[in-house]
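Asker: Here is the input, now give the coordinates:
(chains A, B, C and D)
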Number of protein chains: 2
Amino acid sequence: MIEIMILPFPLSNLKRTGRTKLHLKKNEALFRQGDITTAIFFVISGAVHLVRHTHEGHSVILHRAVSGTTFAEASLFSDVYHCDATATEPAEVIRLSKTDILALVTADPDFAQALLKRFAQDVQTHRKHLEILAIKGAEDRVFAALVSFGQSGTVTAFAIFVGLTTEATLRALSKLVQQGKVTKLKRGHYEVPDTSITPRSVTIKSSV
Amino acid sequence: MIEIMILPFPLSNLKRTGRTKLHLKKNEALFRQGDITTAIFFVISGAVHLVRHTHEGHSVILHRAVSGTTFAEASLFSDVYHCDATATEPAEVIRLSKTDILALVTADPDFAQALLKRFAQDVQTHRKHLEILAIKGAEDRVFAALVSFGQSGTVTAFAIFVGLTTEATLRALSKLVQQGKVTKLKRGHYEVPDTSITPRSVTIKSSV
DNA sequence: TACACTATATGATCGAAATCATGATTTTGC
DNA sequence: GCAAAATCATGATTTCGATCATATAGTGTA
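Answerer: Numbers count the residues shown, from 1 in each chain, chains lettered A, B, ... in the order given. Model (predicted):
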């Protein structure tokens, strides 16, 4: 039961039947927008993207779930999934039955609190994402996203995440590299060196 | 104790000391980004905007809390507030002590579950917001936001919410009115008539 | 009432990112 | 291993929204 150790909340009381280990191939979908919700998930290895599709073919990467994190927690209280979940690389995930989780919430206060914390983190992450999308210049936006989230996955995926085209993102990255604010590790892999991470001093004036 | 009736979760067990009623004037700040977190809030009347400020003066309206909703729930698990909370119109709010709420989570399973549900709703709302910001055309974006969230507050506030300038938003609105997709109630007040709300048929192909 | 201030509205210009285009490189599936 | 597909990269052109400017309608208040 090694996996229980790395779960962000204690599962000792969860029925064994409530847990299933799944192996996903690349591009394999775990669930799709509109599917009936039956479970939340925990990533052991690999990565899963949560993607929302809009009417006219637009798509947003809402979240990239990586090793050691849970996802689709919000589905506990909604009837259908509101996004697609697709493995972007081969992944192992644990499926946690929705009904069992809900039962455990009622039975185990510590579990409930741990789950609440995860939800709160989700909210914070989404807010950070919203904050980044509000930044106007492509260069500033890409840099902010790189500082806050890092380049998870391909540049193309990163571009969708920051709400720009791949071209615009690449151009911004190459300019940032020129300026020394970003390091190009290798083709398609960029990173913010520690030195360039300036602590944002929150100097808010009390005057309106 | 009228207010307890309209709270989205049962507060009967919350210590009386944990609740304080506050009266906010227009533009009065409840807390600011960086302040130590001590409470979550419930809106009785009026409206409170949660605004996030980025390094270079950009701002995002993360959330508009209106009558009957709670806000700053995420602060339960973080040390400082990550955004400003300001009344955009005179407002009455109830301050709910953070420590008391956390105690109640442990003591009352029903309360814990109700709170979890609220968090989940928050996540869903933020996702919808992210989805809207991913829409490229100004016209499409404004229309989508109007359908999903309605025009809460002024056009200027709505413009910030959708990530456009006031001018671009007004132009988009006036075009949408021309097309009959949006109704102009009066100067600065727009609405999507029921007839134009097309149910988005989720026809996702299983291929790819 | 008069004044200041803010929000709404629309027009003109400019610039930044989307789009289109073309190759090179890497990965993936057979 | 090899062909096909996807990704990375950069250049040229176009388009849409930002910006600047100006005017009007409300709103608060002295």
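Asker: what packs against the longest helix anywhere in chain A?
Answerer: Using DSSP state H, we find that the single longest helix of chain A is helix A:109-133. Counting contacts by 3 or more CB pairs under 8 Å, 6 or more residues apart in numbering or on different chains; DSSP states H and E, helix A:109-133 is packed against strand A:59-66, helix A:98-107, helix A:138-149, helix A:155-162, strand B:39-53, strand B:59-66, helix B:98-107, helix B:109-133. Glycine gets a C-beta too; all of them are placed from N, C-alpha and C.
Asker: can you redo the ones you listed as TSV with distance to residue B:85 and mean pLDDT?
Answerer: Shown next, in TSV, are the helices and strands packed on helix A:109-133 (distance: least, CB to CB, whole Å; pLDDT from 0 to 100):
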stretch	distance to residue B:85	mean pLDDT
strand A:59-66	25	78
helix A:98-107	28	90
helix A:138-149	22	93
helix A:155-162	27	94
strand B:39-53	5	86
strand B:59-66	8	77
helix B:98-107	14	90
helix B:109-133	15	88
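Asker: could you list every residue that touches residue A:61?
Answerer: With contact set as CB atoms under 8 Å, 6 or more residues apart in numbering or on different chains, residue A:61 has these partners: A:49, A:50, A:51, A:157, A:160, A:161.
Asker: Quickly name whichever of these is closest to DNA strand D.
Answerer: Checking the contacts of residue A:61 against DNA strand D with CB to the nearest atom of the strand, the nearest one is residue A:157 at 7.1 Å.
Asker: picking up where we left off before, show me which positions of the longest helix of chain A end up buried.
Answerer: By neighbour count on 16 or more other CB atoms under 10 Å in any protein chain shown, the buried set for helix A:109-133 is A:111-113, A:115-133.
Asker: With stretch A:36-44 instead?
Answerer: Of all the residues in stretch A:36-44, those buried under the rule 16+ other CB under 10 Å are A:37, A:39, A:40, A:41, A:42, A:43, A:44.
Asker: What is the burial count for residue A:26?
Answerer: Look at residue A:26: counted by other CB atoms under 10 Å in any protein chain shown, it has 12 neighbours.
Asker: Quick one: classify it as helix, strand or coil.
Answerer: With DSSP: H, G, I helix; E, B strand; the rest coil as the basis, residue A:26 sits in coil.
Asker: Stretch A:172-188 vs chain B: in contact?
Answerer: No: Stretch A:172-188 lies out of reach of chain B by CB under 8 Å from any CB of the partner chain, never closer than 13.3 Å.
Asker: By proximity to DNA strand C, which residue of chain A wins?
Answerer: Of all residues in chain A, residue A:168 sits closest to DNA strand C, at 2.8 Å by CB to the nearest atom of the strand.
Asker: The closest residue to that residue other than its chain neighbours: neighbour count?
Answerer: Sequence neighbours aside, residue A:138 is the residue nearest to residue A:168 in space, at 5.1 Å (criterion: CB to CB, 6 or more residues apart in numbering or on different chains). Residues lying near residue A:138 (other CB under 10 Å) number 18.
Asker: cool, and residue A:190?
Answerer: 21.
Asker: and what of residue A:184?
Answerer: For residue A:184, the count of nearby residues is 13 (other CB under 10 Å).
Asker: Can you name the residues bridging to it?
Answerer: residue A:190 (DSSP bridges).
Asker: okay, now the domains of chain A?
Answerer: Residue ranges for each domain of chain A read A:2-131, A:135-196, as given by automatic domain parsing.
Asker: touching DNA strand D at all, the shortest one?
Answerer: Yes: contact check for domain A:135-196 against DNA strand D, using CB under 7 Å from any atom of the strand: residues in range are A:136, A:154-156, A:166-167, A:170-171, A:173-174, A:184, A:187-188.
Asker: Counting neighbours, which of the residues you listed comes out on top?
Answerer: In terms of neighbours by other CB under 10 Å, the residues of domain A:135-196 next to DNA strand D top out with residue A:173 at 23 neighbours.
Asker: pLDDT score for it?
Answerer: Residue A:173 is assigned 96 on the pLDDT scale.
Asker: thought residue A:89 was touching residue A:48?
Answerer: No: the pair residue A:89 / residue A:48 is not scored as a contact, 9.0 Å apart, by CB atoms under 8 Å.
Asker: Tell me which of these two has more neighbours.
Answerer: residue A:48 (26 against 15).
Asker: what sits against that one?
Answerer: A:24, A:30, A:41, A:64, A:65, A:71, A:85, A:86, A:87, A:88, A:91, A:93.
Asker: quick one: it and residue A:121, what's the gap?
Answerer: For residue A:48, the distance to residue A:121 (CB to CB, to the nearest Å) stands at 17 Å.
Asker: which bits of chain A sit near DNA strand C?
Answerer: Chain A comes close to DNA strand C at residues A:26, A:27, A:136, A:137, A:138, A:139, A:163, A:164, A:165, A:167, A:168, A:187, as judged by CB under 7 Å from any atom of the strand.
Asker: sorry, back to before: how about CSV for the buried residues of stretch A:36-44, with distance to chain B added?
Answerer: Below are the buried residues of stretch A:36-44 laid out as CSV (distance: CB to the nearest CB, whole Å):
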residue, distance to chain B
A:37, 11
A:39, 14
A:40, 11
A:41, 15
A:42, 17
A:43, 17
A:44, 23
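Asker: Now flag whichever of the residues you listed is closest to residue B:19.
Answerer: Set against residue B:19, the nearest of the buried residues of stretch A:36-44 by CB to CB is residue A:40 (32.4 Å).
Asker: Hmm, that closest one is touching residue A:77, no?
Answerer: No: contact between residue A:40 and residue A:77 fails when scored by CB under 8 Å: they sit 10.9 Å apart.
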